[in-house]
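Student: How does the following fold in three dimensions:
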Amino acid sequence: YVEDVRTVVDALPRAPVLVGHSMGGAIVQQYLADDESSIKAAVLLASAVPGGLGTAWMLRTALRNRPRGMRAARDVTRGRPVAAADVAATPFFGNRIDLAGARRWAALLQPESKAAVAHLRIPYTDRYDVRLPILVLGSRADRLFSAYDVRRTAAAYGVEAVLFDDLCHDMQLDPEWEGPARAIL
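Tutor: Numbering: from 1, shown residues only. Sure, this is the predicted structure:
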């Protein structure tokens, strides 16, 4: 995935701002460690945490979520069909979207790459001395990457986390998506 991003960045007429959400945040972090000079800034939006998603993170995530939502999230990431009500209950949405929205997003969900998910369990960077602007956004209500996780990510890069109160993990699809969008702009 990092090489895919590099291919696109290299083809652009000017340096972009990279925005990485969740697993995309890990990809942006790895890209920054490899080559920060080709981009203008970075945004880590409800991002995977530095150092990989180890056992402690997985345990905290399981404790923050109900079994129904965790089962639905597992099925979604494996490409299995999931009822709209169960999609809404996943840690991705935390029951923040209505049933119509859940149906809409359920129809678009795709399985995750097993290799990419496995790669998230190991540290994907150990370089945090990035000199360009970085914005780290998250939500206190995120059921995957908690406020603690977001603050830890921000601290690794020497910046302050921007935290919203009630948004779900998929902040860009939350009914209150305008807050994070304004922060990014």
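Student: who's in contact with the residue positioned nearest the centre of the chain?
Tutor: Per Cα atoms, centre = their mean, the C-alpha nearest to the average position across the chain is that of S22, at 1.3 Å. By Cβ atoms under 8 Å, 6 or more residues apart in numbering, the contact set of S22 is L45, A46, S47, A48, L144, F145, H169, D170. Bear in mind the C-beta positions are built from the backbone N, C-alpha and C, glycine included.
Student: Now do it against A11, distance only.
Tutor: The spacing between S22 and A11, counted by Cβ to Cβ, to the nearest Å, is 25 Å.
Student: List the buried residues in the helix or strand bottoming out on mean pLDDT in the chain.
Tutor: Among the helical and strand segments of the chain, the one scoring lowest on mean pLDDT, DSSP states H and E is helix 55-64, with a mean of 76. For helix 55-64, burial by neighbour count (16 or more other Cβ atoms under 10 Å) applies to W57, T61, R64.
Student: Following the chain onward from that helix, which element is next?
Tutor: Per DSSP states H and E, the first helix or strand lying C-terminal to helix 55-64 is helix 67-77.
Student: Send me whatever helix or strand comes next after that following helix as CSV with only the CA atoms.
Tutor: With elements assigned by DSSP H and E, the helix or strand that comes after helix 67-77 is helix 84-89. Written as CSV, here are the backbone C-alpha positions of helix 84-89 (Å, rounded to 0.1, in the frame of the first residue of the first chain):
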residue,chain,number,x,y,z
ALA,A,84,-27.4,-3.4,8.2
ALA,A,85,-28.3,-3.3,11.9
ASP,A,86,-25.1,-5.3,12.7
VAL,A,87,-23.0,-3.0,10.5
ALA,A,88,-24.3,0.0,12.5
ALA,A,89,-23.2,-1.8,15.7
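Student: In terms of pLDDT, where does the residue nearest to the centre of the chain sit?
Tutor: On pLDDT, S22 comes in at 92.
Student: Same check on R182?
Tutor: 97.
Student: burial count for it?
Tutor: 8 (other Cβ atoms under 10 Å).
Student: Which of the helices or strands spans it?
Tutor: helix 178-184.
Student: L173 is in contact with G94, correct?
Tutor: No. With contact defined as Cβ atoms under 8 Å, G94 does not reach L173; the gap is 11.2 Å.
Student: more crowded one of these two?
Tutor: Higher neighbour count among G94 and L173: G94, with 24 against 16, using other Cβ under 10 Å.
Student: which SSE is L137 in?
Tutor: Counting by DSSP H and E, L137 is found in strand 134-139.
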